Structures are given as C-alpha cells and as structure tokens.
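Have a look; sequence and predicted model below, questions after that.
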Amino acid sequence: MSTRTLLTAMTKGIGALALGAAMLGFVADRAGPQECQAVIHVTEVDVDVWVDGWPYRVDSWRQSPILCSLRPGRHELQMSRGDQTLYEETFTLRRGDDVVLTAWDPARLKPTDR
C-alpha cells in the first residue's frame with residue numbers, strides 16, 4: 001500500500017468517526033423529556049395569573065396550585081387584580097426541569113405606618 005492510499009484511508013476513518021460522534025452527541029442531547037412543568041401556588045383569590053401570556057383565573061383557594069407544561073427557556077409569571085399588578089417574576093427552565101413558584105402580594109408584608 002502506498003503512503004497516499006494509507007493517508008486517504010486514515011482521513012476517511014477519522015472523518016467517519018467524527019461524524020458518528022457528532023450524530024451521537026446530537027441524539028443524546030435530545031434524549032429524555034422535552035417538556036418542563038411549573039407548579040404555581042397562588043396566595044391570593046380574585047386574581048388573574050398569567051404565564052407567558054396565558055391567563056388563569058383564581059377565584060377560590062381550590063384553583064391553586066396551577067400546573068403548567070412549558071417548553072425549556074425563559075418564562076414570565078404575573079399576578080394581577082384588575083389593573084394592578086401584584087406580582088411579577090421571570091424564570092428560566094432547562095429541558096426536563098420542574099419548578100415550584102409562589103405568586104404572592106409583597107405589599108401585604110410591608111409594615112403600615114401607625
């Protein structure tokens with residue numbers, strides 16, 4: 001076998017190995033659950049809770065917690081009563097993550113002047 005033929009065969013073998021490793025890495029990266037879940041506890045009633053623009057109405061304690069199936073990435077949680085925003089939070093989920101959040105009114109914890 002000539003040196004040139006041997007180098008060509010080695011180059012093809014290394015290229016095939018690299019392509020196989022890249023494909024295997026791609027498949028392994030996509031394996032497992034794609035969906036994420038957010039469990040949102042709501043401490044107020046008569047409020048609207050929004051997750052990425054999707055509304056959830058909470059009229060009684062029985063409507064909490066809210067379960068949301070989400071895609072990996074950045075998400076926004078908002079709780080409002082009428083035109084007043086009571087709570088806002090941005091959170092990020094990685095593939096397969098689950099998160100427990102609490103939407104609450106921080107104004108209720110502030111001391112009042114007497």
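Thanks, I have the structure now.

Look up the pLDDT of the closest residue to residue 42 other than its chain neighbours for me, please.
Closest residue in space to residue 42, ignoring its immediate chain neighbours: residue 64 at 4.2 Å, by Cβ to Cβ, 6 or more residues apart in numbering. Every C-beta, even on glycine, is put in place using the N, C-alpha and C of the backbone. Looking at residue 64, its pLDDT stands at 85.

where does this protein dip in pLDDT?
1, 28-33, 110-114 (pLDDT under 70).

can you rerun that using 90?
Filtered on pLDDT under 90, the chain yields the residue ranges 1-35, 61-64, 95-96, 106-114.

now the end-to-end length of stretch 52-61.
End-to-end span of stretch 52-61 (Cα to Cα, to the nearest Å): 22 Å.

So what touches that stretch?
By Cβ atoms under 8 Å, 6 or more residues apart in numbering, the residues outside stretch 52-61 that reach it are 40, 42, 44-50, 63-64, 66, 68, 70, 75-76.
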